[in-house]
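*Asks:* Can you look at this prediction? I've put the sequence above it.
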Amino acid sequence: MQALVYTDTQKLIYREEKNPKLLNGESIIKVSASGICGSDMHAYHGHDNRRIPPLILGHEVSGVINKGKDVGKKVVLNPLITCGTCNYCANKKEHLCPKRIILGMNRPIERQGGFAEYVSIPNKNVYELPKNLNMKEAPIAEPCAVALHAVELGEKELSTKLKDSKALVIGAGAIGLLCGLILSKIKKCKEIVIVEPNNKRLQESLKYLDADGLKPSTKNIYSDHFDIVFDTVGLEISRQQAIDVIKPGGSIIHIGLTQPAGTFNFRKMTLQEVTVIGTYCYTNKDFEQTIKILANKDIGPLDWIEFRDLRNGGDAFKQIHDGTCVAPKIILLPQK
C-alpha cells in the first residue's frame, strides 16, 4: 500500500509500505479520509516520545471495511484503543484506561495510523457511518468528540448555566473552532470570545461561528471577566492568559499540550477558588454522541474543512508549520 510516513523531524515521505495484517477481532479499513491533528504536528516537530519515526501517523479516519466483519460497510473510527476490562473501562471512562493507545502511535506498542491506503483496528472501535454524514468529512468526528468532552466537562463545574455564562476559547484551530461551535449552536452560550495570534486563521474561523457575542479583538479581554476558559493551545502564555481573565470561582479547561511545563499563577487559583481541569480525548459515549451531532448538522455545515491529496500531505504539514495554512482542519484523501 501507499502511505505517508513520518521518517524524521519535519520529514514525511509518501512511499510503499506493507499492508496491515488482519488480526483476530479486528478489521482492515480501506481509508477514505484522514485528518491532520495537532498531535500529529507535535510528532512532526519531534516533541512526542510516543510517536517515534519511522511511523505512519493519523488517527482521524473514515473508510470502508475491506477485511473482517461487515465487509463493505462505510465507517468512522474511534482511534482510542483500550483494554475494556480495567476499572476505568468498566465505569465508562475508557479514555483514562492505563493501557490505552491510539492509532498512529508506536509507544508503548506499535499501532500504525491512517495516513495510508489501509489501516487495522479492533472491531469495537468501528462505528457505522450514518447516511447523512459525508465520508470525506467524517474524520472530524474525532476532534469534535474532544471538544464535546471538554465543553461538557466544563459545564458540570459551572455555578451558573452555560447558556448564561461568558466563555473564552484560546486558539482558533479545529478544536477551538469546534468548542466555539458547540458552545454557540448547541449550548447557546451567552457570550463567546475566541482569540488567536494568527489573524488570518482567526478571521477564517469567525466565518463559521455565530457572530453574536464573538469578539476577536483582545481589547475586549480583561481581568476576571469569564466564567469559563477553554485553552486549546496549552502554552505557558495561553495558561497565563486563562488565569488572568477567569472570574473568581470560574473554571479553566485545559485541552492543549503544546508546552506541558511552565509557571502558573497558583496564588490566584487558590485565593479565588479557580478550578483547573485537564481534559483528555473522550469517552465512547462522547464519540457516539458526536456522530449523531454531525449527522444531524447540529453544528452547521463543515465547509471550513480543506481537502488535500495524501500524496501531497508533506506540503500540508509544512504549511501548517509555517502558519501559511489558515484552514482550521486539513483532511487528506488517498488516491482511489
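*Replies:* Done, it's in.
*Asks:* What mean pLDDT does stretch 57-75 get?
*Replies:* Throughout stretch 57-75, pLDDT has a mean value of 97.
*Asks:* Would you mind writing the CA trace of it as PDB?
*Replies:* C-alpha atoms of stretch 57-75 as PDB (Å, rounded to 0.1, in the frame of the first residue of the first chain):
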ATOM      1  CA  LEU A  57       0.700   9.000  11.700                       C
ATOM      2  CA  GLY A  58      -3.000   9.800  11.500                       C
ATOM      3  CA  HIS A  59      -5.900   8.900  13.800                       C
ATOM      4  CA  GLU A  60      -8.900  10.800  12.500                       C
ATOM      5  CA  VAL A  61     -10.100   8.300  10.000                       C
ATOM      6  CA  SER A  62     -13.100   7.200   7.900                       C
ATOM      7  CA  GLY A  63     -13.300   4.400   5.300                       C
ATOM      8  CA  VAL A  64     -14.800   1.200   4.200                       C
ATOM      9  CA  ILE A  65     -14.300  -2.200   5.800                       C
ATOM     10  CA  ASN A  66     -12.100  -4.200   3.500                       C
ATOM     11  CA  LYS A  67     -11.500  -7.300   5.500                       C
ATOM     12  CA  GLY A  68     -13.000  -8.700   8.700                       C
ATOM     13  CA  LYS A  69     -16.600  -8.200  10.000                       C
ATOM     14  CA  ASP A  70     -19.200  -6.500   7.800                       C
ATOM     15  CA  VAL A  71     -17.100  -6.100   4.600                       C
ATOM     16  CA  GLY A  72     -18.200  -3.100   2.500                       C
ATOM     17  CA  LYS A  73     -19.700  -1.100   5.400                       C
ATOM     18  CA  LYS A  74     -18.900   2.600   5.500                       C
ATOM     19  CA  VAL A  75     -17.400   3.500   8.900                       C
END
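*Asks:* Check which helix or strand residue 15 maps to.
*Replies:* Assigned by DSSP states H and E, residue 15 falls within strand 11-16.
*Asks:* packing partners for that strand?
*Replies:* Helices and strands touching strand 11-16, by 3 or more C-beta pairs under 8 Å, 6 or more residues apart in numbering; DSSP states H and E, are strand 2-8, helix 313-322. Where C-beta positions appear, they are placed from N, C-alpha and C, glycine not excepted.
*Asks:* and residue 289, that one's in a helix?
*Replies:* Yes: counting by DSSP: H, G, I helix; E, B strand; the rest coil, residue 289 is found in a helix.
*Asks:* hang on, the earlier thing: let me know which of the helices and strands packed on strand 11-16 is tucked in deepest.
*Replies:* Most buried of the helices and strands packed on strand 11-16, by mean neighbour count (mean count of other C-beta atoms under 10 Å): strand 2-8, with a mean of 20.
*Asks:* quick one, it and helix 313-322 angle?
*Replies:* Strand 2-8 runs at 40 degrees relative to helix 313-322, counting by axes from the mean of the first three to the mean of the last three C-alpha atoms, to 10 degrees.
*Asks:* need the helices and strands packed on strand 11-16 in CSV with distance to residue 161, can you?
*Replies:* Compiled in CSV, these are given as follows (distance: least, C-beta to C-beta, whole Å):
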stretch, distance to residue 161
strand 2-8, 44
helix 313-322, 36
